[in-house]
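Student: Okay, here's the prediction I keep looking at, along with the sequence it came from:
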Amino acid sequence: MDKKTILIIEDEQYHRQVLEKILVQNNFFAVSAPDGYEGLKKIFELKPDLIILDILLPGLSGFAVLEKLSCRRDEKIKGRYFVEFGRRLRREKRDGAWD
């Protein structure tokens, strides 16, 4: 049985490393990208089974990544993402960054 591929798009290196370690220990093939641009590149190259996506990324945000994916007609990519809303997003919303 082939290992499922999971792509982690997360700018914080520590979080990427922890997630990769957990996924590999659970018999997944884990790949990571530090920003939205690199993440999109890996999405189109690898067509992962699941994408763990941080929203607040430098350069191309997680929202922009989702927007670009929703415009694609490639059925192997559509519907294969998971959005991570971390503490950072909730904290920034609480502090008025979204007002």
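Tutor: Yep, that arrived. Numbers count the residues shown, from 1 in each chain.
Student: rest of the way, CA atoms for contacts and neighbours
Tutor: Will do.
Student: what's the neighbour count on residue 64?
Tutor: 15 (other Cα atoms under 10 Å).
Student: Does anything pack onto the helix or strand hosting it? Which helices or strands?
Tutor: Counting by DSSP states H and E, the element that carries residue 64 is helix 62-70. When contacts are defined as 3 or more Cα pairs under 8 Å, 6 or more residues apart in numbering; DSSP states H and E, helix 62-70 sits against helix 36-46.
Student: Could you give the separation of the helix it packs on from the chain centroid?
Tutor: Here helix 36-46 is found 9 Å from its chain centre; the criterion is Cα atoms, centre = their mean, to the nearest Å.
Student: Repeat that for stretch 8-18.
Tutor: Stretch 8-18 has its C-alpha centroid displaced from the chain centroid by 9 Å (Cα atoms, centre = their mean).
Student: Quick one: distance of the helix holding residue 64 to the chain centre.
Tutor: Remark: helix 62-70 is offset 10 Å from the chain centroid, using Cα atoms, centre = their mean.
Student: In it, which of the residues would be classed as buried?
Tutor: Taking 16 or more other Cα atoms under 10 Å as the neighbour-count basis, helix 62-70 is seen to contain the buried residues 62, 63, 65, 66, 69.
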